[in-house]
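Visitor: Turn this into a model:
(chains A and B)
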Amino acid sequence: GNSVTQMEGPVTLSEEAFLTINCTYTATGYPSLFWYVQYPGEGLQLLLKATKADDKGSNKGFEATYRKETTSFHLEKGSVQVSDSAVYFCALSTSGNTPLVFGKGTRLSVIA
Amino acid sequence: EPEVTQTPSHQVTQMGQEVILRCVPISNHLYFYWYRQILGQKVEFLVSFYNNEISEKSEIFDDQFSVERPDGSNFTLKIRSTKLEDSAMYFCASSLQGPNTGELFFGEGSRLTVL
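Guide: Now for the predicted structure:
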């Protein structure tokens, strides 16, 4: 079946530090990959996505590259800000209308 | 900006009671979903709804659960007889396209506590 594994949190970083949140997946079929973010008091919202191997999704300074050979979709940002403090969820969906499958989420806290 | 709204934000109930969680999806969206997250665990898919019927459901979505779109705007999740293990955050979502191609818009969640 389809599953997503994310690195355990919480992750605490100082402002301007480099961020990596690891995500690996298993899937039957050829998945689309997503990162969702949940800011405090809000619902999950799509941060970025990639639909085929070697695609790079990017948004708000975050990026992730779809690596089929390592079945990974790690989230990176070169310089985090306090406003990036949130919970980040990796997710996948395979072809058709199969539901999104999420990881556990990784809580990021950025301190000034 | 249009958003998905959920009520209540928090509900406490006794085991065995019926609970209805309400959601107002984004008005022109066609696909509707319920997910839940037990504390410290993954966000789990419960059910998706399209064209006025259930399109997919997970093993979690047993006979105790039902969904309804009673009036063309609300989308409800009913738990007929709650159990302790139903305590979780329940998220409603909607999308214009199916999950593989479209972006899901989530509500803030309804926290259910079963005592």
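Visitor: confidence score at the closest residue to B:Ser73 other than its chain neighbours?
Guide: Taking C-beta to C-beta, 6 or more residues apart in numbering or on different chains, and ignoring the residues beside it in sequence, B:Ser73 has B:Val24 as its nearest neighbour in space, at 5.9 Å. Glycine gets a C-beta too; all of them are placed from N, C-alpha and C. On the pLDDT scale, B:Val24 is placed at 97.
Visitor: and if you look at the one 10 residues further on?
Guide: On pLDDT, B:Trp34 comes in at 97.
Visitor: what sits against it?
Guide: With contacts taken as C-beta atoms under 8 Å, 6 or more residues apart in numbering or on different chains, B:Trp34 has the following neighbours: B:Leu21, B:Cys23, B:Leu46, B:Val47, B:Val67, B:Leu77, B:Tyr90, B:Phe91, B:Cys92, B:Ala93.
Visitor: quick one: which of those is nearest chain A?
Guide: Using C-beta to the nearest C-beta, B:Phe91 is the member of the contacts of B:Trp34 that sits closest to chain A, with 6.7 Å.
Visitor: The spatially most central residue of chain B: helix or strand, and which one exactly?
Guide: Centroid-nearest residue in chain B: B:Trp34, 3.0 Å away (criterion: C-alpha atoms, centre = their mean). For B:Trp34, the enclosing helix or strand under DSSP states H and E is strand B:31-37.
Visitor: which residues does the nearest residue to A:Glu15 once chain neighbours are set aside contact?
Guide: When the adjacent residues along the chain are set aside, A:Glu15 lies closest to A:Ala112, with 5.4 Å between them (C-beta to C-beta, 6+ apart). Contacts for A:Ala112 were tallied using C-beta under 8 Å, 6+ apart; they are A:Ser14, A:Glu15, A:Val82.
Visitor: could those residues be laid out in JSON lines, adding pLDDT and neighbour count?
Guide: Compiled in JSON lines, these are given as follows (pLDDT from 0 to 100; neighbours: other C-beta atoms under 10 Å in any protein chain shown):
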{"residue": "A:Ser14", "pLDDT": "97", "neighbour count": "10"}
{"residue": "A:Glu15", "pLDDT": "97", "neighbour count": "13"}
{"residue": "A:Val82", "pLDDT": "97", "neighbour count": "11"}
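Visitor: between those residues, which is nearest chain B?
Guide: Comparing the contacts of A:Ala112 against chain B with C-beta to the nearest C-beta places A:Val82 closest, at 21.3 Å.
Visitor: Touching, the closest one and A:Ser14? I think so.
Guide: No - applying C-beta atoms under 8 Å as the test, A:Val82 and A:Ser14 come out as separate, 9.9 Å apart.
Visitor: C-terminal to the worst-scoring helix or strand of chain A on mean pLDDT, what's the next element?
Guide: None of the helices or strands of chain A scores lower by mean pLDDT, DSSP states H and E than strand A:101-102, at a mean of 90. The element immediately downstream of strand A:101-102 (helix or strand, assigned by DSSP H and E) is strand A:106-111.
Visitor: So that next one, near chain B or not?
Guide: No - using C-beta under 8 Å from any C-beta of the partner chain as the criterion, no contacts between strand A:106-111 and chain B are found, and the smallest distance is 10.9 Å.
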